[in-house]
Every structure is written in C-alpha cells, then in structure tokens.
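S.K.: Sharing a model that was predicted from the sequence below.
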Amino acid sequence: MGSGFGARSTAREVLEGLELRGKLAIVTGGYSGIGLETTRALAGAGAHVVVPARRRPAAEEALAGVDGVEIDELDLADLASVRAFAERFLASGRSVEIMINNAGIFACPEMRVGPGWEAQFAINHLGHYALANLLWPATHDGTRVVSVSSAGHRRSAIRWDDVMFDRGYDKWQAYGQAKTANALFAVHFDALAKDSGVRAFAIHPGGIRTPLQRHLTTEEMVAAGWIDEQGNVIAPGFKTPEQGAATQVWAATSPQLEGMGGVYCEDCDIAEMVPADDTAVRGVRQYAIDPELASRLWTLSAELTGIDAFAEPFVSPSSE
Ligand SMILES: NC(=O)c1ccc[n+]([C@@H]2O[C@H](COP(=O)([O-])OP(=O)(O)OC[C@H]3O[C@@H](n4cnc5c(N)ncnc54)[C@H](OP(=O)(O)O)[C@@H]3O)[C@@H](O)[C@H]2O)c1
C-alpha cells in the first residue's frame, strides 16, 4: 500500500503523532525480545499495557521503570491458565483496544503439552486462539487483534493428516505449521469479527536476534548465516528489536489500515502473495491466507480446545 514505513522503521516511529492515552493493550510475551519493545513503545505513546507473563519475576525485572504497564500471569501451554487470565481480565470490567498475540516458541525439541499436543502448535496457536475467543466479550468496535506469524510459515502448511506430529517430529516443520496457523487465525477471526468492527491482522516481524533462538546451537545459527562464531549478528537483513516490533505496532494502530483486516503484513505494509517455489524470505504463501483453510483450522481449534466465541448456541432436539 506504500505506507511510507519500511523494514528499518521502529515501533516508536510508526507511533509518532498517535495518541494512545485511554487505550488498553494486551501484549503476550511483552517482556522479551520484540514483545518488550512493543510494550515500551505502546506504553510510551500513552496506552495502558497488560503483559500476561509465563514467568512473572522475569516480566517484573524486564519492565521495571516502564510506566503504564500491568503484569499478570498466563501460560499459553495450559488452557486452565488461559481461562483464569481471561476471567480475571473480564472481571475487571475493562475493554481491550489492542491485542497483540506475540508470545511464542521456536524450533524446540519435541515437547508435549496439555492432552499431548505438540508444543509449538499448542503454545503459538491454540493458546492464542483460546485467549482471543475468551476475551471476545471485552472487545468492541475498533479493537484490533494482531497475530504474530513469521516468514517461517513457508516451512509448512497445516498438516491436516498429522497436526500433532504423531508420526515423527521435525522442529522446523512444527514451527512452520504453527506460524501458518497464526496467519490463518487472523483470516478467519477477522471474517467472524468484522461486522462487530473488530479487525485482525497477521504479521511477520522480520529476523531479529532475541531469546527466541534459545533452542538453536551456535553452529546452526552460523550455518544459517545469522551470526558469526563469536555470536555477532551478521545477517544483513536482520532487524533490531525496535525495528522488529514496528510491524505489529503498525498493524495494531495505523489509521492507514482503517476498514481493512484479515491481511498478512511485513515491513510495516501489506505483504504480497508469493508462489510456493519462491526462495526469498518474504511475502506470504497462499496456504497461509486461504479463507477455506482458515475456516477449517478454526473448526479444528474449536474441537481441540472446546472454545469458540462465535459458535451457534446448541439447541437440543427435545427443546425445539
Ligand atoms: N525473533 C525473530 O527473528 C522472529 C522472526 C519471526 C517471527 N517471530 C515471532 O515473534 C514473536 C516474539 O518473538 P521474540 O523473538 O520476541 O521471542 P522471545 O524474546 O523469546 O519472546 C517470546 C515471549 O513468549 C513468551 N512465551 C513463551 N512460551 C510461553 C507460554 N507457554 N506462555 C506464555 N508466554 C510464553 C516468552 O516468555 P518466557 O521468556 O517466560 O518463556 C517470551 O516472553 C514470536 O511469536 C515469534 O515466533 C520472531
């Protein structure tokens, strides 16, 4: 769309001239990496930022001295914890103007959570799916939900016949599938919510050196061309955390996106669709924005979690 911003824009730059006083934002993982910069930028522009944390002491330390921030508890791997956070928030009677589903894990060894779910799909997608649905009553006309996906979505479409990797685990494919799910979530959530004025966006933040890469060895990152053997970032396209936070902050606030939703953004603009054989780390694959696949993933997520804010109320045959 020619937003005027780009890969090197920072979160603070995209917020320049915007007044967020009186607005409430929820930023999952808002105490590390690009989430921390997102929290700082939104709070700096006047928003009240709720940061639900898996590790509360770490969040308190990271956010010490940042005004306008409230820390709560949330483990996206545990639906009971997601429910408890949502119930506390709803009980506070407040509404949410900005929800940034930013927390995530990346390329970890095989881990199972909840009833045996593959952890990257469960934490990155299902936990946020549940959170957004449970917080639906706190949204209103004007609320924006941002789903933090990744160019890593190109590593895998949804594996409909083995979503939980029961037939063998691959850490890259599992991340790819989870990030495709983050992108598809925004497509269907937006379709369901837009008549209420609630809009959703998916974004790729860029490549940024953060604690996200904790499960990779130095050798793997050197081989990928991201860092040298001393740990210095050498990938020319890598962003700083301040730049990495920009696209999600832009999607959450930009007046340029008024009336839009369900799109995948990168470098503070709407991304182009790229063909499956494209080798560049940019753009979005068709399977990550396909409305039918998005609807199918929604149905699967509702079945797995037992949560769907948009489900028709069940009418038993005897009560008809
Ligand atoms: N960095 C990149 O190059 C890059 C590229 C593309 C996409 N992304 C996406 O950007 C997002 C943020 O990444 P980042 O680089 O800022 O990573 P990060 O520094 O590792 O931050 C991730 C955050 O997610 C939280 N989290 C992890 N598991 C959680 C759980 N079970 N419940 C609640 N919170 C949990 C972490 O909390 P703890 O520290 O307590 O575990 C942390 O605060 C992720 O969704 C990632 O996939 C990043």
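M.R.: That came through, no problem. Residues are numbered from 1 along each chain as shown.
S.K.: Could you list the low-pLDDT ranges of the protein?
M.R.: 314, 317-320 (pLDDT under 70).
S.K.: Would you mind naming what in it lies close to the ligand?
M.R.: 28-29, 31-35, 54-55, 58, 74-77, 102-106, 123, 148, 150, 204-205, 207-208, 210-212 (Cβ under 6 Å from any ligand atom). For glycine as for every other residue, the C-beta is placed from the backbone atoms N, C-alpha and C.
S.K.: Buried ones from those residues, can you make that a PyMOL selection?
M.R.: Selection command for PyMOL covering only the buried members of the residues of the chain next to the ligand, criterion 16 or more other Cβ atoms under 10 Å:
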select buried, resi 28+29+31+32+33+34+35+54+74+75+76+77+102+103+104+105+106+123+148+150+204+205+207+208+210+212
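S.K.: Which of the residues of the chain next to the ligand fall within helices?
M.R.: Gly33, Ile34, Gly35, Ala58 (DSSP state H).
S.K.: Farthest pair within those residues?
M.R.: Of all pairs drawn from those, the greatest distance, 15.7 Å, lies between Ile34 and Ala58 (Cβ to Cβ).
S.K.: returning to that earlier point: okay if I get the ones in helices among the residues of the chain next to the ligand as a markdown table plus distance to Asp67?
M.R.: Shown next, in a markdown table, are those (distance: Cβ to Cβ, whole Å):
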| residue | distance to Asp67 |
| --- | --- |
| Gly33 | 21 |
| Ile34 | 20 |
| Gly35 | 17 |
| Ala58 | 19 |
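S.K.: and which of the residues you listed is nearest the ligand?
M.R.: Closest approach to the ligand among these (Cβ to the nearest ligand atom): Gly33, at 2.2 Å.
S.K.: check contacts around the closest residue to that closest one other than its chain neighbours.
M.R.: Spatial nearest neighbour of Gly33, excluding adjacent residues (Cβ to Cβ, 6 or more residues apart in numbering): Thr210 at 3.2 Å. Shown in contact with Thr210 (Cβ atoms under 8 Å, 6 or more residues apart in numbering): Ser32, Gly33, Ile34, Pro241, Gly244.
S.K.: between the residues you listed, which is closest to Ala235?
M.R.: Gly244 (12.8 Å).
S.K.: I figured the closest one was touching Ser32, is that so?
M.R.: No. Counting by Cβ atoms under 8 Å, Gly244 sits too far from Ser32 to count as a contact (11.7 Å).
S.K.: Tell me how far the closest residue to the ligand within the stretch 51-200 of the chain lies from Gly29.
M.R.: For the stretch 51-200 of the chain and the ligand, the shortest gap (Cβ to the nearest ligand atom) falls at Gly104, measuring 2.6 Å. Distance, Gly104 to Gly29, using Cβ to Cβ, to the nearest Å: 7 Å.
S.K.: what's the answer for Lys23, then?
M.R.: According to Cβ to Cβ, Lys23 and Gly29 sit 20 Å apart.
S.K.: For the stretch 151-300 of the chain, which segments count as helices?
M.R.: Applying DSSP state H, counting those that start in this stretch to the stretch 151-300 of the chain gives helices spanning 171-193, 218-223, 241-244, 246-253, 291-305.
S.K.: want to throw those into a markdown table with mean neighbour count?
M.R.: Output for the helices of the stretch 151-300 of the chain, formatted as a markdown table (neighbours: other Cβ atoms under 10 Å):
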| stretch | mean neighbour count |
| --- | --- |
| helix 171-193 | 25 |
| helix 218-223 | 14 |
| helix 241-244 | 22 |
| helix 246-253 | 29 |
| helix 291-305 | 17 |
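S.K.: Out of those, which is closest to Glu118?
M.R.: helix 171-193 (5.8 Å).
S.K.: got the angle for the closest one vs helix 291-305?
M.R.: 100 degrees (axes from the mean of the first three to the mean of the last three Cα atoms, to 10 degrees).
S.K.: residues making contact with stretch 281-297?
M.R.: Here stretch 281-297 makes contact (Cβ under 8 Å, 6+ apart) with 149, 151, 153-154, 157-158, 160, 179-181, 183-185, 187-188, 191, 202, 204, 207, 237, 262-264, 266, 271-274, 276.
S.K.: Apply 6 Å and report the result again.
M.R.: For stretch 281-297, the surrounding residues in contact (Cβ atoms under 6 Å, 6 or more residues apart in numbering) are 151, 153-154, 157-158, 180-181, 183-184, 187-188, 264, 271-274.
S.K.: Likewise for stretch 161-175?
M.R.: Phe106, Ala107, Glu110, Trp117, Glu118, Gln120, Gly152, Arg155, Ser156.
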